[in-house]
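Student: for reference, the sequence and a predicted model appear below.
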Amino acid sequence: MTEERPLDPRSAGSRRTGASATRRGVLALAATTALAGCNAVDSDLLDGDIRSSDPPTLDSAALRDLAAADPPSVPRTAPVEIPDSYVEKGVARARDLLGSVPAPFDADEIPNGAIRRRLGDRYDRADESVAAVGDAESLLETTADLRHAREEARAVAAAWRAIDGDLTLDAVRASGEELWAALNRFRYRWDYLGTDPVAALVVHAVVEKRLRTATLYVERAVGRRQTTRDDALAVGERAGHLESARAALADAALVYEPFQKSRDSRSVRSGFVRAVEALASFVGDRRRRLPDGDPQTPSSYVTGDVNETPVGYAIGELARELSFSSELRERDPDRYATSLLAGYGRLTRLRAFESLRERVAADEHVTVESAADARALRQRAVEAISSGRERATHPHLNRWELSTAASVVRYADDRLGRLRDDESVDADSVARELGEYVRAAAVARAVPETSEDVASLVRRSVGAGSGTDP
């Protein structure tokens, strides 16, 4: 692997692409070096075109079986304490809302059969959502589940009030205006405070995300330009949006409060702005140095033919993600932390993309001849994600991207899990799904180095120079 200099816009440059040709018909990454665990390509196969007109067939039942293995899970976390009492209070709120509704409904209570069925279905969904709160692996993600449960419960309760009482759409809009005022009050007192810059980065990214959610849902509730029905279900839906906004605002205040109360906190706003500008410059320059190509034709990025192979699909998907604008919104207020994490994610994918190109150039990949080969691809992804999750350095920052890699594995699992047990499939036909495992592994392996570089950049920009990421 090519040695890489510390993160600095002046040092941005492309990594080696290699000149050795890949063998036609590659269907997966090999396991020499970081991809250990898979046998090398048979030397006899390397003498010719290994993608024959008759690709190997794989047992569908075996593929379904490997996809049914426990998926990796990397819940996002934040370096702040979220009391159990906060969740308990929110669940009690949702249950009180559902308790105000006389479900199951009968024809005397709701004569309109269509509305009765729809509201009954929504009540069932709300009840399930409330029961599921607490299933998430982190309290931060639990708050997101709680927000959804509160929204569903409020939508049902408000719709019933519109049927049985006097709740109107105008009344819901009026309460939305009050919530606008609460949002503005929070924004007025919120500043980019922190003790450790990296911890502050994660916390303020959560605050920014929750504020955007709250703003979006208030707009949905009070918007007068939106075409809407003026019936009980519409009243309930908009009231549910307001409940979601209230919950999101409460989440933002919860994670921000420790920073606001700490006597050691100081403003990191200007440092975040400098860090975004530096990261945007570095990432943009590095992106421009990549070879031109077409994400629909992965072979255009390498020497050799990797089209319709797992590694090819992985390269193409990463190239597609990197084809979006590299501009980070460093001058957009209330988005500095989000912009930094966007740059962090882009740099992670750049490194993943470059690493796959290097492995193709070095012929470090093999064909998938059996379900066992496919299982090895998945196992490498799971191991790379687990390894990143277990690292003690920058755990919260690592999880930001590892969580995405884990979701890619789960997506591929779901796709393979839909295969019919009684059929065999050509390896080519599942190359895209296997490519998701390759992509997830490459991203996960790039996370630790990128986290270290971004953390160092943020600390230098803020001027801290020291500190510990909780």
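Tutor: Yep, that arrived.
Student: this protein: helices as residue ranges?
Tutor: 60-67, 84-99, 113-132, 139-164, 169-189, 197-222, 232-261, 269-288, 310-322, 336-361, 371-390, 395-416, 431-462 (DSSP state H).
Student: redo those helices as TSV? Include distance to S424 and mean neighbour count.
Tutor: Any C-beta I mention is one placed from the backbone N, CA and C, and that applies to glycine too. Formatted as TSV, the helices of the chain follow (distance: least, CB to CB, whole Å; neighbours: other CB atoms under 10 Å):
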stretch	distance to S424	mean neighbour count
helix 60-67	6	18
helix 84-99	48	16
helix 113-132	37	16
helix 139-164	39	23
helix 169-189	56	14
helix 197-222	45	23
helix 232-261	47	22
helix 269-288	41	20
helix 310-322	18	24
helix 336-361	28	24
helix 371-390	10	21
helix 395-416	14	22
helix 431-462	15	24
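Student: among those helices, which comes closest to E423?
Tutor: With CB to CB as the criterion, E423 lies closest to helix 60-67 of the helices of the chain, at 4.9 Å.
Student: any stretches of the stretch 301-450 of the chain with poor pLDDT?
Tutor: The stretch 301-450 of the chain contains residues with pLDDT under 70 at 325-332, 365-367.
Student: rerun at 50
Tutor: Of all residues in the stretch 301-450 of the chain, none has pLDDT under 50.
Student: on that earlier part again, among the helices of the chain, which comes closest to P298?
Tutor: Judging the helices of the chain by CB to CB, what sits closest to P298 is helix 310-322, at 3.8 Å.
Student: span of stretch 63-72 from start to end?
Tutor: One end of stretch 63-72 sits 17 Å from the other (CA to CA, to the nearest Å).
Student: coming back round to it: among the helices of the chain, which comes closest to G304?
Tutor: helix 336-361 (6.4 Å).
Student: may I have stretch 277-285 as CSV, with CA atoms only?
Tutor: Provided in CSV are the C-alpha atoms of stretch 277-285 (Å, rounded to 0.1, in the frame of the first residue of the first chain):
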residue,chain,number,x,y,z
GLU,A,277,-12.6,25.0,4.5
ALA,A,278,-9.4,22.9,4.8
LEU,A,279,-11.2,19.6,4.5
ALA,A,280,-13.2,20.8,1.5
SER,A,281,-10.0,21.9,-0.2
PHE,A,282,-8.2,18.7,0.5
VAL,A,283,-11.0,16.4,-0.5
GLY,A,284,-11.8,18.4,-3.6
ASP,A,285,-8.2,18.4,-4.8
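Student: mean confidence for that stretch?
Tutor: For stretch 277-285, mean pLDDT rounds to 92.
Student: show the contacting residues for the residue positioned nearest the centre of the chain.
Tutor: Nearest to the mean C-alpha position of the chain, by CA atoms, centre = their mean, lies T404 at 4.1 Å. Counting by CB atoms under 8 Å, 6 or more residues apart in numbering, T404 touches G345, V443.
Student: so who does the residue lying closest to L139 once chain neighbours are set aside touch?
Tutor: Closest residue to L139 apart from its sequence neighbours, by CB to CB, 6 or more residues apart in numbering: I82 at 3.9 Å. I82 makes contact with L139, L140, T142, T143, L254, V255, according to CB under 8 Å, 6+ apart.
Student: closest to P448 among those?
Tutor: Closest to P448, out of all of the contacts of I82 and judged by CB to CB, is L140, at 21.1 Å.
Student: mind listing what that closest one touches?
Tutor: P75, R76, T77, A78, I82, V206.
Student: now the helices of the chain as JSON lines including distance to S300?
Tutor: Listed next are the helices of the chain as JSON lines, based on distance: least, CB to CB, whole Å:
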{"stretch": "helix 60-67", "distance to S300": "29"}
{"stretch": "helix 84-99", "distance to S300": "50"}
{"stretch": "helix 113-132", "distance to S300": "45"}
{"stretch": "helix 139-164", "distance to S300": "39"}
{"stretch": "helix 169-189", "distance to S300": "46"}
{"stretch": "helix 197-222", "distance to S300": "35"}
{"stretch": "helix 232-261", "distance to S300": "43"}
{"stretch": "helix 269-288", "distance to S300": "16"}
{"stretch": "helix 310-322", "distance to S300": "9"}
{"stretch": "helix 336-361", "distance to S300": "11"}
{"stretch": "helix 371-390", "distance to S300": "23"}
{"stretch": "helix 395-416", "distance to S300": "23"}
{"stretch": "helix 431-462", "distance to S300": "16"}
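Student: which of those sits closest to A107?
Tutor: helix 113-132 (7.0 Å).
Student: now the closest one against helix 232-261, angle please.
Tutor: For helix 113-132 against helix 232-261, the angle between stretch directions is 20 degrees (axes from the mean of the first three to the mean of the last three CA atoms, to 10 degrees).
Student: which helices and strands does helix 113-132 pack with?
Tutor: helix 84-99, helix 139-164, helix 232-261 (3 or more CB pairs under 8 Å, 6 or more residues apart in numbering; DSSP states H and E).
Student: wait, which of these is closest to I110?
Tutor: Judging the helices and strands packed on helix 113-132 by CB to CB, what sits closest to I110 is helix 139-164, at 6.2 Å.
Student: so for that closest one, mean pLDDT?
Tutor: Computed over helix 139-164, the average pLDDT equals 96.
Student: and for stretch 459-469?
Tutor: Mean predicted lDDT for stretch 459-469 stands at 65.
Student: hang on, the earlier thing: can I get the contacts of L140 in JSON lines including distance to A221 and pLDDT?
Tutor: Output for the contacts of L140, formatted as JSON lines (distance: CB to CB, whole Å; pLDDT from 0 to 100):
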{"residue": "P75", "distance to A221": "29", "pLDDT": "95"}
{"residue": "R76", "distance to A221": "27", "pLDDT": "95"}
{"residue": "T77", "distance to A221": "30", "pLDDT": "96"}
{"residue": "A78", "distance to A221": "27", "pLDDT": "95"}
{"residue": "I82", "distance to A221": "26", "pLDDT": "94"}
{"residue": "V206", "distance to A221": "23", "pLDDT": "97"}
